[in-house]
Every structure is written in C-alpha cells, then in structure tokens.
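Quick one: sequence plus predicted model below, questions after.
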Amino acid sequence: MKRTVIKIDEALCNGCGQCVDGCHEGALQLIDGKAVIVSELYCDGLGACIGECPVGAISLEEREAEPYDELAVMERLVEKGEQVVKAHLRHLKDHGQDALYHIGIDYLVRNNISWKPAPGENSHQQSHSAGGGCPGARQMSFAPAPAMAANAGGQPSALSQWPVQLHLLSPHAPYLQNADLLLAADCVAFAVGDFHSAHLQGKRLAIACPKLDTNKDAYIEKLAAMIDDSHINTLTVMIMEVPCCGGLLHIAKQALEQARRKVPLKLVMVSLQGKILSEEWL
C-alpha cells in the first residue's frame with residue numbers, strides 16, 4: 001500500500017542516535033553507525049523523529065510500504081515499561097490519531113495491563129485495565145430492556161453490548177462467543193427507522209466507516225479473530241448504497257479469506273432514505 005513513512009539520508013546521518021530515542025514505536029535502530037528503519041510495520045509516519053535529528057537527515061515521503069500495525073507496536077512497547085507506553089499514546093493523541101490511540105488502549109485492556117495517565121491528560125482517562133478504565137472502552141454485556149423503553153414512550157433498544165465501534169471492540173469479548181454479528185456502516189442506524197427491531201434484535205453490533213476510519217488492516221484482523229477465536233455464527237454487513245460504503249463489505253470478505261473458519265456472510269443494502277434495497281447471502 002502507498003502511505004507516508006520516514007526517509008533517512010544516509011549521507012547526512014551522523015549516527016548520533018537521537019532519532020532512535022525519539023521513535024517510541026521502535027521503527028529505528030543504529031546499524032553500522034547509521035539510523036535505519038528496521039520495520040515499516042512500526043513507522044506511523046507522523047515524524048516525531050524528525051525534530052530529534054540535529055543534521056536534518058530525516059524527512060517524510062509517500063511510497064509503497066507495509067501498513068502500520070498498532071498492535072505489533074504495543075506488543076513491543078509493553079516490554080519497555082509504562083513510561084514508554086505513555087509517551088507513545090500521548091504521541092498518537094497529540095497528532096489526532098484517535099483511532100490508533102483506542103487500538104492501543106484496547107490492547108492494554110484485553111491483556112490486563114494497567115497504566116496511569118500522565119499529568120495533564122484528560123481527567124476521564126483513568127487507570128485502564130480489564131476490570132475498569134474509560135467507560136468508552138470497557139467491555140460490557142447487558143440485556144436489552146424493551147419494557148423500560150416502551151413505558152417511556154420510545155422504541156425499545158435492541159443493543160446488548162458495549163462498546164460498538166469496531167476499533168474499540170475486543171475480538172475476544174465473551175459476548176461475541178457463538179454470536180450473530182452485525183457489521184453496520186455508521187450512517188445505517190440513522191437512515192433505517194426500524195434498525196433496532198428489524199435488524200439488530202438478537203445480534204451483537206460493530207460499527208465502522210470504511211471511508212473515514214484509519215487502519216483498515218486492524219479491522220480485518222479483528223473480524224478474522226472473531227470468526228476463528230470467538231466462533232461467531234454469522235456475519236451480516238449492512239451498508240448504504242453510496243460507493244464508498246462498499247469498502248466495508250470488502251473488509252468483511254478479506255477477513256473471511258484470512259480466517260480458518262468459514263461463516264455465512266449476508267449483505268443488506270440501504271438507500272439514502274432508509275429503504276432496504278436488497279438482502280442476500282453471499
């Protein structure tokens with residue numbers, strides 16, 4: 001894939017190693033007295049190392065490169081300690097990489113790794129672990145309460161778990177075991193009036209935007225893990241009729257190709273006015 005990564009001018013590089021210290025992701029090492037990218041998987045392309053180079057040997061360029069892998073980065077960083085993890089997560093936040101930030105938090109939650117936010121971070125960013133942490137990332141399963149909603153005069157909610165954004169979902173969450181998974185584009189629930197009663201009832205939910213979300217490879221890996229490890233029964237992809245929404249179906253198909261197990265895949269196409277245009281098992 002083509003993306004932004006760093007470029008090192010070996011003629012200018014003096015081997016000081018300051019860029020290596022500044023790259024919390026571990027993409028750089030000193031080899032034979034020169035800074036070298038040891039793996040494109042670990043280069044996020046945000047350029048934190050550029051400011052550390054005293055001779056201007058580092059720049060950014062767009063070229064064919066392996067996709068950045070936040071999960072692989074987290075696996076490397078936890079071995080380096082809490083301070084390095086903090087620096088990395090703060091780095092993502094400072095550059096507006098919220099989706100990657102949440103993948104990192106999700107990794108900590110799933111692996112029972114606790115950490116405390118640095119002074120000055122948002123007050124809601126409390127110590128994270130599998131038993132606590134930010135409510136936005138905490139895995140919760142609950143029974144829908146249609147009676148309560150009906151008594152309040154509203155349509156009953158069929159949502160039975162939290163979170164729902166695919167970047168925040170753990171593929172090994174207990175509520176995904178043997179579940180029927182509905183993978184819906186973000187806009188679907190706003191367009192379809194009876195989304196809860198006609199489509200979400202009895203299913204677990206994951207939402208994503210194939211056009212705006214980052215790190216689609218992480219989505220593919222998560223869905224493949226849900227198929228193989230959580231043994232989901234079926235996968236339903238519900239998308240809008242606009243062309244960019246087809247990317248979500250492509251992600252689901254790629255996950256099925258990577259997974260060892262095979263599960264039935266259903267496509268539901270929705271018009272901009274919320275009409276169901278088609279439903280078919282693929």
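That came through fine. Numbers count the residues shown, from 1 in each chain.

Could you use CA atoms for every contact and neighbour count after this?
OK.

from the middle of its chain, how far away would the helix or strand harbouring Tyr219 be?
Using DSSP states H and E, Tyr219 sits in helix 216-228. Between the centre of helix 216-228 and the centre of its chain there are 10 Å (C-alpha atoms, centre = their mean, to the nearest Å).

repeat for stretch 254-270
Taking mean C-alpha positions (C-alpha atoms, centre = their mean), stretch 254-270 and its chain are 18 Å apart.

which parts of it are buried?
By neighbour count on 16 or more other C-alpha atoms under 10 Å, the buried set for stretch 254-270 is Gln254, Ala255, Leu256, Gln258, Ala259, Lys262, Leu265, Lys266, Leu267, Val268, Met269, Val270.

Of those, which belong to helices?
Here DSSP state H is the test, and the buried residues of stretch 254-270 give Gln254, Ala255, Leu256, Gln258 as lying in helices.

Pull the contacting residues for the third one.
Residues in contact with Leu256 (C-alpha atoms under 8 Å, 6 or more residues apart in numbering) are Leu223, Ala224, Ile227, Lys262, Val263.

mind checking pLDDT for Met240?
Met240 carries a pLDDT value of 96.

Grab the nearest non-local neighbour of it.
Sequence neighbours aside, Val270 is the residue nearest to Met240 in space, at 4.7 Å (criterion: C-alpha to C-alpha, 6 or more residues apart in numbering).

so who does that neighbour touch?
Here Val270 is in contact with Val188, Val192, Met238, Ile239, Met240, Glu241, Ile276, Leu277, Ser278 (C-alpha under 8 Å, 6+ apart).

what sits up against whichever helix or strand comes after the helix holding Tyr219?
Heading C-terminal from helix 216-228, the first helix or strand you meet, by DSSP H and E, is strand 234-240. Contact with strand 234-240 is made by 179-185, 187-188, 245-246, 248-249, 252, 263-272, as judged by C-alpha under 8 Å, 6+ apart.

Please identify the pairing partners of strand 234-240 and their relative orientation?
With DSSP bridges as the test, strand 234-240 is paired with strand 180-185 (parallel), strand 265-270 (parallel).

Tell me the spacing between the spatially most central residue of the chain and Glu82.
Central residue of the chain (C-alpha atoms, centre = their mean): His167, 3.0 Å from the mean position. For His167, the distance to Glu82 equals 22 Å [C-alpha to C-alpha, to the nearest Å].

before we move on, what about Tyr42?
From Tyr42 to Glu82 the distance is 18 Å (C-alpha to C-alpha).
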